[in-house]
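Asker: generate a structure from the sequence data that follows.
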Amino acid sequence: MSNKFLTGYFGAQKKEAKKRGEDYNENQNALMRRKRESIREIGDLPVVAHPKRRESCRKNLKRFMTTYMPTAFSQDFSSDHLVVIVKIEQALYKGGLFAFAMPRGSGKTTIVLAAVIFAILYGHRKFIVAIASSDESALKVLDSVVSELENNERIKEDFPEVCYPLEKLEGLAQRAAGQTYKGAKTNMSIKNGQLILPTITGSQSSGIRIKTYGITSKGVRGTHYISPSGEIIRPDFVILDDPQDDVSARSPKQCSNREKLVKGAILGLAGPGKAISGFMPATVIERGDFTSRMLDTKRNPEWQGLTMKMVTAFPEELEGLWATYAEMRAEGLRHGDNGAEATEFYKANREAMDKGAAVSWESRKKPDELSAIQHAMNLYFRDKATFFAEFQNSPEDAAPTSYSLSMEMVCSRVNGIPRYELPQQAAMFVLFADVNQIGLNYVAAGYDNNFTGWVVDYGKHPEGERNMLWDPGASNTSTEAQAIARGILELVKLVCAKPYSQRSRRVYPTILVDGNYMTETVHAAVSAAARTYPGTVLVDRGRSSRTYRPARKEQIVGQPGSNFHVERGIHGTQVVHNADWFRMSAQKSFLLEPGVPGSLSLWGKDPAEHEAFAMEVCAEKLLEYVAGETREFYEWYRVPGVANDKLDAVTGTRVGAALAGAKLTGGERSWKPRRRPRETRKPKVTIHN
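Answerer: Reported below is the predicted structural model:
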């Protein structure tokens, strides 16, 4: 069609409108307005198809799941499922918090989806915040909710006030901004990780919101919106859906940060003076990870944590018939029979093989498996480490260690003594400072003669994680050596100002400064500090057990001790110690109850106060220790992403105590009974006449 023809056509239309006394442009605008309004206006809502079915599920989550999502919940529920469902209902209706860990593949994610849809369709909650390990994972929760509302025919039939306006968008979320019902805007929205249900007069779901975040997102804190009436509306329910991943689970620091975030920003979502309700489906990935902490009812009792396992009791024939089965199945899989021969073996010996075994979900098995017990054992023999982590929620340690020291154990060693105060029985007082570019990490501890210790203070100079002693990436006005020397002098002044006391009298610790990094600079700074400090300041250097040797006679100062000595070095006098032995000694001291000879305890009464310190004390794990005739062997494992500066510092305090005379024997020689000198008698002489 040519432009000439169109011009003639529209020109004729304008002339006809003018003859009728009408404005052509205004007519066209009105026509377009009516067309847009017809698109925006959704019209009358369909009637509820099954009112009785809808009403029967109002207060019954289990019935809602089987009625409206029968494909997802086609198998019988386990007893664990039923407990979870009841706990979620309690949180929705009455409030409270609930955390649970289920075996992988138990339908945890599907239960979360059903619970969210149930809550919004019946209006049980008005503003739900869903939090996952990342923004992407959280968006998947929202996408699943929207998809179910758009495509689930039963839900669409019985909840038209929610689903019909969503259907009229025809998959175009941008249409929601102008959508109307009976001339009034529905105010529905699906964008920026948020779903706002349509505002429909008389609807129990009117205006309900779901907002999603990754757990580390900055926007979590203070989430709210302002209603048309000007009221500030805050969340009334939170769902933490698997809020950790493999990387964060292996980082004690990230686990601690997430725990603090939950206890602070997330539990404060409801606003001042109000308690948020919610639940947390999660998976234990590592021992002591974020999920483990939230499930610990002693640590976080308000979450009512429950840990569920696939196998609640292992079979009596685990090392017998089941071991034979495992070999037979592995051989069959290698030769392509898919484990059929092993299944026949299980069928023939099932009664004996099942004896003593119990599983949490009897319906969980594959079509070619005879029972849930066989299914569980197949997973067990496939990869035991994975089985205990993912299906038992009880992961094994990454590597076996010589002794088991946990953050919780370190934190528990509080002694009730105020910070900065030495107990009366402390005969020596030591502060050790570990030196690096990050700063001077120090620990101050008192000891008695039998190596019983009391940590009275620790910290970092300069304070703050982001404040470095010397930042190689910054435009520095001084050299690294100058920064370290200045930091040592500043730390000594800081120690002088600390209110350390014993029996109400001011005391000053013997200061040991790590000299392994920039040794010459450290020696110079220590010499300068020693001139004004009222106590003793020394340089200390740690060496591995492979390289530690007492100095030559002409260099040695005084009598060498056990795994340490004082020597005249190139840059000055210094203490040298076996770092492996003293590090092991420092960690083992926290295995002992406070007050026991050789133990270390922490000031105060609140274990949570020492979590960051405990994290660093546990930053290294002793995998193997072998005591040879001439040399000892140590193999350490360093926990990725965790600093060990406080571990080095607390180790250094024990070096200082040993230097001052502390010994596990009480600082004195072991007592031995004195032998009475044997009496010498002259032999009898017989005189013969």
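
Asker: which regions of the protein sit below the pLDDT cut-off?
Answerer: Residues of the chain that meet the criterion pLDDT under 70 lie in 1-39, 396-401, 630, 665-689.

Asker: list the contacts for residue 303?
Answerer: 97-99, 280, 294-295, 297 (CB atoms under 8 Å, 6 or more residues apart in numbering). For every residue, glycine as well, the C-beta is placed using N, CA and C.

Asker: do that again at 7 Å, thanks
Answerer: 97-99, 280, 294 (CB atoms under 7 Å, 6 or more residues apart in numbering).

Asker: mind putting those into TSV with distance to residue 214, neighbour count and secondary structure?
Answerer: As requested, the contacts of residue 303 are exported to TSV (distance: CB to CB, whole Å; neighbours: other CB atoms under 10 Å; DSSP: H, G, I helix; E, B strand; the rest coil):
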residue	distance to residue 214	neighbour count	secondary structure
97	20	23	strand
98	22	21	strand
99	19	25	strand
280	15	24	strand
294	17	28	helix
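
Asker: ranges for the strands of the stretch 551-689 of the chain?
Answerer: With DSSP state E, counting those that start in this stretch, the ranges of strands along the stretch 551-689 of the chain come out as 556-561, 564-568, 573-578, 600-602, 620-627, 632-638.

Asker: could you identify which of those is most buried?
Answerer: Burial of those is given as mean neighbour count (mean count of other CB atoms under 10 Å); strand 600-602 ranks first at a mean of 27.

Asker: what helices and strands are in contact with it?
Answerer: strand 453-461 (3 or more CB pairs under 7 Å, 6 or more residues apart in numbering; DSSP states H and E).

Asker: please identify the buried residues of the helix or strand following the strand it packs on?
Answerer: Later in the chain than strand 453-461, the nearest helix or strand by DSSP states H and E is helix 480-497. Neighbour-count burial for helix 480-497 flags 480, 483-485, 487-489, 491-492, 495 (criterion: 16 or more other CB atoms under 10 Å).

Asker: and the contacts of the next helix or strand after helix 480-497?
Answerer: Proceeding N to C from helix 480-497, the next assigned helix or strand is strand 501-502, under DSSP H and E. The contact list for strand 501-502 (CB under 7 Å, 6+ apart) reads 420-422, 426, 507.

Asker: what about those residues, which one has the most neighbours?
Answerer: residue 422 (24 neighbours; other CB atoms under 10 Å).

Asker: quick check: phi and psi at that one.
Answerer: phi -90, psi 140 (degrees, to the nearest 10).

Asker: wait, isn't it in contact with residue 507?
Answerer: Yes - here residue 422 reaches residue 507: they are 6.4 Å apart, a contact under CB atoms under 7 Å.

Asker: what do the two both touch?
Answerer: The overlap between the contact sets of residue 422 and residue 507 (CB under 7 Å, 6+ apart) consists of 429, 500.

Asker: for residue 464, which of the strands of the stretch 551-689 of the chain is the nearest?
Answerer: strand 600-602 (21.8 Å; CB to CB).

Asker: tell me the gap between that closest one and the middle of its chain.
Answerer: Its chain's C-alpha centre lies 25 Å from the corresponding centre of strand 600-602 when counted by CA atoms, centre = their mean, to the nearest Å.
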